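The following comprises the amino acid sequence and a computationally predicted model.
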Amino acid sequence: MSFKPVSPDAPAPDALPYNRISRPLDRLLVAIGEASAWLWLAVLLVVLANVFSRFALSRGSIALEEMSWHLFGAALMLALAYAVVRDDHVRVDVLSERFSLRSRAWIELVAIVLLALPVIALMIDALIPYAYKAYLYNERSQAPSGLPHRFIFKSVLPIGLALVALALLSRALRCSTLLFNFPRALTAPSDERDRTRSQP
C-alpha cells in the first residue's frame, strides 16, 4: 500500500465544502501534521537507543527516557489538529452515520462554538503561564541526570491546543458554508474531483 500526501483541497462528495478561509487553514494544519510525523521516528530512535544502553551496555539513561516521553507528547499534541482536519478523531459513528450531512453540520457547529472552542480557550489561557513560569525559573528535571529546559515541551501544550482551535474554527466555517453559504463555498477543479473519486 503506497502512502500519498493528504490534500485538503478536494473533499469527498459527501464532505463539508471548503471556503477561502478553511482551505488555507487546513493546508497549513495538514503540513504541520505531516511534518510532525517525523517526531515518531525520533521517538523510535530514542527508545531503541535507551533499550540498547540499558540491556547491552548495562547503563540506563534517565535523559533518554525523559526525551522519549517529551517527543511522544509533542508528536501527539501536534497531530491533534491534523486529526480534526482529516475528521479522524473519535466520535460516536453509530449515531452520526444515521444523520444527514446537514444535521451533522448543525451538531458540529453548535458543539464547536459552544463547547470545544471555549474549553480550549480556557486550557490555553492556563497553559501559557504554565510554560512561561517554567521558562522564568529555568525549570529542569528533578532527576540529577534528567533534561533541562522543560519550558520547551511545556510550550508545545498551548501550541498544540492553539492548532486544534484553528482546526475547529476551520471546521466550523465549513459547517457554516454548508448551512448558510457563508463564507461562500469554493469548487474544486475537475481534475481534483476526479482524482478524489479514484482514491480508495
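Happy to help now that I have it.

From now on I want contacts and neighbour counts done on CA atoms only, so please keep to that.
OK.

Dump the C-alpha coordinates for stretch 167-177 into PDB.
Extracted C-alpha coordinates of stretch 167-177, given in PDB (Å, rounded to 0.1, in the frame of the first residue of the first chain):
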ATOM      1  CA  ALA A 167      -8.700  23.300  13.000                       C
ATOM      2  CA  LEU A 168     -12.000  23.500  14.900                       C
ATOM      3  CA  LEU A 169     -12.500  27.100  13.600                       C
ATOM      4  CA  SER A 170     -11.900  25.900  10.100                       C
ATOM      5  CA  ARG A 171     -14.400  23.000  10.600                       C
ATOM      6  CA  ALA A 172     -17.000  25.400  12.000                       C
ATOM      7  CA  LEU A 173     -16.600  27.700   9.000                       C
ATOM      8  CA  ARG A 174     -17.000  24.700   6.700                       C
ATOM      9  CA  CYS A 175     -20.200  23.800   8.500                       C
ATOM     10  CA  SER A 176     -21.400  27.500   8.100                       C
ATOM     11  CA  THR A 177     -20.600  27.300   4.400                       C
END
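
quick one: average confidence on that stretch?
Computed over stretch 167-177, the mean pLDDT rounds to 97.

so how far is that stretch off the chain centroid?
Put simply, stretch 167-177 sits 15 Å off its chain's centre (Cα atoms, centre = their mean, to the nearest Å).

Give me the residues contacting it.
Residues from elsewhere that reach stretch 167-177 (Cα atoms under 8 Å, 6 or more residues apart in numbering): 16-19, 21-22, 25-26, 29, 81-82, 84-85, 105-106, 108-109, 112-113, 116-117, 182-185.

Those residues in strands, which ones?
Taking DSSP state E as the definition of strands, those contribute 18-19, 185.

What about those residues, which one has the most neighbours?
Y18 (27 neighbours; other Cα atoms under 10 Å).

Please tell me I have it right and that residue contacts A185.
Yes: applying Cα atoms under 8 Å as the test, Y18 and A185 come out as touching, 5.6 Å apart.

ok, back up a step: I'd like to know which of the contacts of stretch 167-177 are buried.
Among these, those classed as buried by 16 or more other Cα atoms under 10 Å are 16-19, 22, 25-26, 29, 81-82, 84-85, 105-106, 108-109, 112, 116-117, 183-185.

Out of those, which sit inside helices?
Within the buried ones among the contacts of stretch 167-177, residues falling in helices by DSSP state H are 22, 25-26, 29, 81-82, 84-85, 105-106, 108-109, 117.

Check which helices and strands the host helix or strand of V119 sits against.
Using DSSP states H and E, V119 sits within helix 117-136. Under the contact criterion of 3 or more Cα pairs under 8 Å, 6 or more residues apart in numbering; DSSP states H and E, helix 117-136 touches helix 151-180.

Check which residues of the helix it packs on are buried.
For helix 151-180, by 16+ other Cα under 10 Å, it's 151-179.

F52: which of the ones in helices among the buried ones among the contacts of stretch 167-177 is nearest?
Using Cα to Cα, Y82 comes nearest to F52 of those, at 32.7 Å.

State the distance from the closest one to I159.
For Y82, the distance to I159 (Cα to Cα, to the nearest Å) stands at 13 Å.
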